[in-house]
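Q: I would like to see how this sequence folds:
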Amino acid sequence: MGQHGQYRALVAAGFCAVSPAAGQAECRLALLLAIDVSASVDVEEDLLQRGGLAAALLAPEVVEAFLADPSDPVVLGAYEWSGRFAQDVILWWKRIETAEDLAEVAGAIGLSKRGRDDLPTAIGDALGYGASLFHKGPDCMARTLDVAGDGVGNDGFPPWAAYRAGRLDGVVVNGLAIQGGEQDVAAYYREEVIRGPGSFVIEAQGFGDYERAMREKLFRELSGMAVSTLRLFALPGGPAYR
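A: The predicted model follows:
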């Protein structure tokens with residue numbers, strides 16, 4: 001059976017999910033991935049980003065970083081976002097304890113289908129939705145939200161309003177900026193989107209570069225230095241959104 005067939009078999013066995021109760025177990029990092037499906041992303045580009053994310057999750061250095069401490073795992077989630085009130089979960093929180101867990105996750109993401117393709121770019125709303133998923137998710141030592149997109153906010157409330165609400169306190173927000181249009185998306189992400197100690201932006205030179213950029217970003221976030229930095233960001237008395 002080829003890799004694609006293995007993905008289908010894994011997905012058929014059940015969608016990758018854990019209940020919020022199960023998510024209370026110890027974990028070193030809750031990592032949440034936010035994928036842009038606004039109208040500026042066409043069908044081919046959407047396939048490139050889903051396939052690129054799936055491939056990046058299976059890159060040897062990324063697998064090794066995920067599994068660096070099996071007794072203190074990473075918990076992974078993903079959602080897609082576009083306009084106001086237009087966000088959908090792709091992957092509910094999943095504890096990554098084995099290479100098979102990552103293969104299952106990669107298969108689910110690679111085979112997923114976007115819910116909408118006709119809405120603008122509401123990054124503030126995307127951040128707010130991410131906050132709600134952290135609120136329902138695992139109580140890990142550290143929390144990171146990745147926002148990937150190819151445009152600047154043009155709908156809904158701005159990123160600063162999402163942060164002012166306070167529900168992302170204690171969450172480090174990184175960005176994957178997909179360059180290629182007239183806008184300097186990377187500059188916008190650096191100025192308006194990323195937040196927290198050690199936060200950063202990785203640039204992809206078009207959707208064809210998405211896999212490479214995602215692989216670099218995941219490895220950087222999962223490395224021991226990145227996790228140590230995140231732990232310094234933990235708030236006294238627990239996360240502010242609880």
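Q: and I202, what element?
A: Using DSSP states H and E, I202 sits in strand 201-205.
Q: Who are the packing partners of the helix or strand following that strand?
A: Past strand 201-205, further along toward the C-terminus, the next helix or strand under DSSP H and E is helix 210-222. Packing contacts for helix 210-222, counted by 3 or more Cβ pairs under 8 Å, 6 or more residues apart in numbering; DSSP states H and E, involve strand 29-36, helix 43-57, helix 60-66, strand 142-149, strand 171-179, strand 201-205. C-beta here means a position set from N, CA and C on the backbone, and glycine is covered the same way.
Q: Can you lay out the ones you listed as JSON lines showing mean neighbour count?
A: Below are those laid out as JSON lines (neighbours: other Cβ atoms under 10 Å):
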{"stretch": "strand 29-36", "mean neighbour count": "24"}
{"stretch": "helix 43-57", "mean neighbour count": "19"}
{"stretch": "helix 60-66", "mean neighbour count": "17"}
{"stretch": "strand 142-149", "mean neighbour count": "25"}
{"stretch": "strand 171-179", "mean neighbour count": "24"}
{"stretch": "strand 201-205", "mean neighbour count": "19"}
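Q: So for the protein, the centremost residue is which one?
A: L33 (0.9 Å; Cα atoms, centre = their mean).
Q: what about that one, distance to E97?
A: Per Cβ to Cβ, to the nearest Å, L33 is found 18 Å from E97.
Q: Give me the helix or strand of this structure that scores worst on average pLDDT.
A: The weakest-scoring helix or strand in the chain, judged by mean pLDDT, DSSP states H and E, is helix 3-12 (a mean of 36).
Q: ok so, going back, I'd like the helices and strands packed on helix 210-222 as CSV, with distance to G107 and mean pLDDT appended.
A: As requested, those are exported to CSV (distance: least, Cβ to Cβ, whole Å; pLDDT from 0 to 100):
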stretch, distance to G107, mean pLDDT
strand 29-36, 15, 97
helix 43-57, 7, 97
helix 60-66, 14, 97
strand 142-149, 20, 97
strand 171-179, 21, 97
strand 201-205, 23, 97
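Q: These: which one's closest to L133?
A: L133 sits nearest to strand 29-36 of all those, at 6.0 Å, using Cβ to Cβ.
Q: Now do that closest one against strand 142-149, angle only.
A: Between strand 29-36 and strand 142-149, the angle comes out at 10 degrees (axes from the mean of the first three to the mean of the last three Cα atoms, to 10 degrees).
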